[in-house]
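Asker: predicted model, plus sequence, below.
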Amino acid sequence: VPHSQEADRSVGQLIDDDPARGLFRVHRSTCTSEDLFRVERERIFERVWLYVGHDSEVAQRGDFVRRTVGGRPLFFVRGTDGRVRVFFNTCTHRGALVCRQDQGNANTFQCFYHAWTFDTQGELVGRPGREGYSATCDTESLALRSPARVDRYRGLYFMSLDPDIVPLNEYLGPVREWIDLVLDQTEASWEVLPGTNLYSIKANWKLMVENTVDNYHVAPTHATFLNYVQTLNDGTATRAKGALGPFDLGNGHAVLELGAPYGRPIARWSAMFGEEAKGEIADLRARLDERFGPERAHRMAECIRLILVYPNLLLNDISAVTLRYVEPVAVDRMDVTAWALAPTDESAAGRQRRIDSFVSFLGPGGLATPDDIEALESCQMGFAAREVEWSDVSRGAGMEPFISDETPLRAFWRQWWNQMSPGPQPTVIRAIPR
Ligand code: FES
Ligand SMILES: [Fe+2]
């Protein structure tokens, strides 16, 4: 990792933000420079809250899941005491990965190298050849280590490597309102459905973040998908009522919210679900009206939301609810992990509709995602023309927000720049207390 001064030289001026001229540009080295990638790890990924996983993934005591977050190998486990803990996945002996399965259930974790054994609370409980260690050598300090901070919001677990970071609630701030609009859709709890979409994209991770909250690309990029949806639907896209649109939520969080162009398992019927689904969906819809009143219920049922939880968690509430975690692997490569979230009290038919939507539209082999992957890889290839230094993100700059402007992208980039820019690191926290 470069020292600060060296880092600052490579950082330079990367964002050109000039509202008076209606201009916003991003220097393409943000997505191509190895140096910046290292600085980014230090200044962004070590100073934010990063998504680790969902409560339901470790429902039973001893359940564990392995994951890489911010470049760190981790696993999280529900201890025999019922508490969920996150550990760095490295043996305190000489470093081997302690957890070598993606998920499972265990009472202990035994390192395969020299067979040190840890319990579900991370304590070192077994060391072959104990007599070979001095009696004064304590085992407490050899327990598995955890990230500086671990916290959760409504079943979503996050970790931070920064011991001084603001509490998670404050960090999330206004974006909680949009997370709630999703999670309030059931009175039961939510579960991550078994099976994970895992795919790699040969592009910088920020391109995926941009893409998710970019409504401008939808019509041209997803023409095939939209035409297909048109043939399945009754032909009427929902007209959103009320003040929806792209929102800059502060702290880099952003959301795109608009009338649904397709059916939603909760709770907008469309012809693609078949006549037999009509009654059930109408009941779900009526219940939302009862619980939240017509205005909020309309928003929950007939509108879609694409939520960016800065910097790299994407919560898509569209034709299904999808969590997407974007992990930077190299400056020009990311790994995407996607899960479908579903209410635990969903009917079998409802669950099937949800899975169909998730797989056929949003999955890596679905009708929409491959278009996006192609676009992101294409941008990354285009960046090799280094003489063209800037990307334009000006759409809607200095104007009233409209649904296909690039406000959410600028929200992301401003906070990114806020954290990356040379000199003292300002912390912009505009959390709305609730
Ligand atoms: S590295 Fe794990 S026991 Fe030696
Ligand atoms: Fe897209």
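Answerer: All right, it came through fine. Ligands and ions are numbered 1, 2, ... in the order given.
Asker: close to ligand 1: what parts of the chain are there?
Answerer: Along the chain, the residues adjacent to ligand 1 under the rule CB under 6 Å from any ligand atom are Cys91, His93, Arg94, Gly95, Ala96, Cys111, Tyr113, His114, Ala115, Trp116. For glycine as for every other residue, the C-beta is placed from the backbone atoms N, C-alpha and C.
Asker: identify the farthest-apart pair in these.
Answerer: Maximum pairwise distance in these, criterion CB to CB, is 14.5 Å, between Gly95 and Ala115.
Asker: in this protein, where is pLDDT below threshold?
Answerer: 1-10, 233-243, 423-434 (pLDDT under 70).
Asker: now the helices for it?
Answerer: Listed in chain order, the helices of the chain (DSSP state H) span 4-11, 34-40, 168-172, 175-183, 205-212, 218-221, 223-232, 278-302, 348-357, 369-382, 407-420.
Asker: so which bits of the second one are buried?
Answerer: Within helix 34-40, the residues that count as buried by 16 or more other CB atoms under 10 Å are Leu36, Phe37, Val39, Glu40.
Asker: figure out how far stretch 348-365 is from the centre of its chain.
Answerer: Relative to its parent chain, stretch 348-365 has a centroid offset of 19 Å by CA atoms, centre = their mean, to the nearest Å.
Asker: give the contact list for Thr186.
Answerer: Applying CB atoms under 8 Å, 6 or more residues apart in numbering to Thr186 gives the contacts Ile266, Pro343, Thr344, Asp345, Glu346.
Asker: do you know how far the residue in the chain sticking out farthest from the centre is from Leu14?
Answerer: The centre of the chain is farthest from one residue, Glu131, which by CA atoms, centre = their mean lies 47.1 Å away. As judged by CB to CB, to the nearest Å, Glu131 and Leu14 stand 58 Å apart.
Asker: you'd agree Asp317 is up against Leu181?
Answerer: Yes - between Asp317 and Leu181 there is a contact under CB atoms under 8 Å: 7.4 Å.
Asker: shared neighbours of those two, which are they?
Answerer: By CB under 8 Å, 6+ apart, the residues touching both Asp317 and Leu181 are Arg305.
Asker: looking at those two, which one has more neighbours?
Answerer: Higher neighbour count among Asp317 and Leu181: Asp317, with 25 against 19, using other CB atoms under 10 Å.
Asker: ok, now which ones touch that one?
Answerer: By CB under 8 Å, 6+ apart, the residues touching Asp317 are Leu181, Val182, Ile304, Arg305, Leu306, Ile307.
Asker: farthest-apart pair in these, please.
Answerer: Maximum pairwise distance among the contacts of Asp317 (CB to CB): 12.0 Å, between Leu181 and Leu306.
Asker: now do the contacts for the nearest residue to Val84 once chain neighbours are set aside.
Answerer: Once flanking residues are discounted, Val84 sits nearest to Arg78: 5.2 Å by CB to CB, 6 or more residues apart in numbering. When contacts are counted by CB under 8 Å, 6+ apart, Arg78 touches Val58, Ala59, Gln60, Arg61, Gly62, Asp63, Phe64, Val84, Thr120.
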